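Undergrad: Fold the following and give me the result.
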Amino acid sequence: MVAKYGPGFQPPTSHELKTWILKEEVQDVQKLMEEHKKDWNKYGCSIMSDGWTDGKSRVILNFLVNSPKGTWFLKSVDVLDTIKNGELMLNYLDRVVEEVGENNGIQVVTDNASNYKWAGKELMSYRSNLWWTPCAVYCIDLMLEDISKLKVFETTTQRAKQIVKFIYGHTQVLAIMRKFTSNKEIIRPAVTRFATSFLTLQSLYKQKGALISMFQSNDWLECESTKHKEANDVKKWILRDGSFWNHVAYCIKSVMLLVCVLREVDSEVRPAMGFIYELMDAAKDKIATNLGNVEAKYLPIWRRIDNRWTPQLHQPLHAAGYYLNPKF
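TA: Numbers count the residues shown, from 1 in each chain. Got it, this is the predicted structure:
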């Protein structure tokens, strides 16, 4: 638009931006919201809360409303001092329900933490039209967290993290790795999602041959990073410790089916709630098959899945994008 206008364009002043221009934008947003409210009233909606921590360690709670019209951002609240207080969380949820309209809301979707669980059940006790539903993605992430605490998983993921940290922490080593992997990267673990630890294992396993060749090469022998104390451990796991790669393969066979379910549920391609029970049953069966139907191998994983999943079977089949208006 600037190019079309040509030289001499005068941008709005700061006074214009914060007065009439801002007011017009607010009015436009309010008109858009009215369209969403019509859908909330017609079809019902899901009220969703999503907590996160920003770069300044402030804990922010976002409230969103989902309907067939789409997802609408409602507001954010700084809850640093109150995030673990169930009663205050109940007050936040209650005020949002009041703002959206109890008759419009079908359910409130939150994390599955104890304070949210208590607040959700209390909310249902006096808001008869509403169901509290824990977030399916969060539940699956907790399953992965529980599974990652099993000894073989914990040891293997820790070693994988050390390998990746060493490679990406030394410029020369990283350059050699990219040479042997044809510039393919290894997925690095993130703090917030346990799924990324298992994706790292899968990524490492795909580059197994390249990594073995790399640590046997002259490039590695001539690299100054071989003098670092972590280098011997990393080289030992990659080359001489056959159990490491066996454990990586075992972890992938055991868990990647759950990661696939998480991806399916977390996507916005289709409403996931109608499919999730079948997906979870199929994932459990496939995990057992991958582990040779040996109970000693798959039952510990099944138990951790059931500990997180069984309570959800008593919840209604409502989720963001899946609507049954109680008024009809």
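Undergrad: helices or strands next to the lengthiest helix in the chain in the packing?
TA: When the chain is parsed with DSSP state H, its longest helix is helix 242-266. On a contact count with 3 or more CB pairs under 8 Å, 6 or more residues apart in numbering; DSSP states H and E, helix 242-266 meets helix 136-148, helix 151-169, helix 195-206, helix 273-290, helix 295-309. (Each C-beta comes from the backbone N, C-alpha and C, glycine too.)
Undergrad: let's see it at 7 Å
TA: helix 136-148, helix 151-169, helix 195-206, helix 273-290 (3 or more CB pairs under 7 Å, 6 or more residues apart in numbering; DSSP states H and E).
Undergrad: Out of these, flag the one nearest Leu239.
TA: Closest to Leu239 of the helices and strands packed on helix 242-266, according to CB to CB: helix 151-169, at 11.8 Å.
Undergrad: That closest one - contacts with which helices or strands?
TA: Helix 151-169 sits against helix 136-148, helix 171-180, helix 195-206, helix 229-235, helix 242-266, with contacts defined as 3+ CB pairs under 7 Å, 6+ apart.
Undergrad: To Thr157, which of those helices lies closest?
TA: Across these, Thr157 has its closest neighbour in helix 195-206 (4.6 Å, CB to CB).
Undergrad: helix or strand right after the closest one?
TA: The helix or strand immediately downstream of helix 195-206 is helix 208-215, counting by DSSP states H and E.
Undergrad: Okay, angle between that following helix and helix 171-180 too, please.
TA: Angle, helix 208-215 to helix 171-180, by axes from the mean of the first three to the mean of the last three CA atoms, to 10 degrees: 130 degrees.
Undergrad: would you put the C-alpha positions of stretch 144-153 in CSV?
TA: In CSV, the C-alpha atoms belonging to stretch 144-153 read as follows (Å, rounded to 0.1, in the frame of the first residue of the first chain):
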residue,chain,number,x,y,z
LEU,A,144,4.3,-39.4,28.7
GLU,A,145,5.7,-37.7,31.9
ASP,A,146,4.8,-40.8,34.0
ILE,A,147,6.2,-43.2,31.5
SER,A,148,9.4,-41.2,31.2
LYS,A,149,10.0,-41.8,35.0
LEU,A,150,10.4,-45.6,34.4
LYS,A,151,14.1,-46.4,34.8
VAL,A,152,14.8,-47.5,31.2
PHE,A,153,13.1,-44.4,29.8
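Undergrad: Perfect, that will be all.
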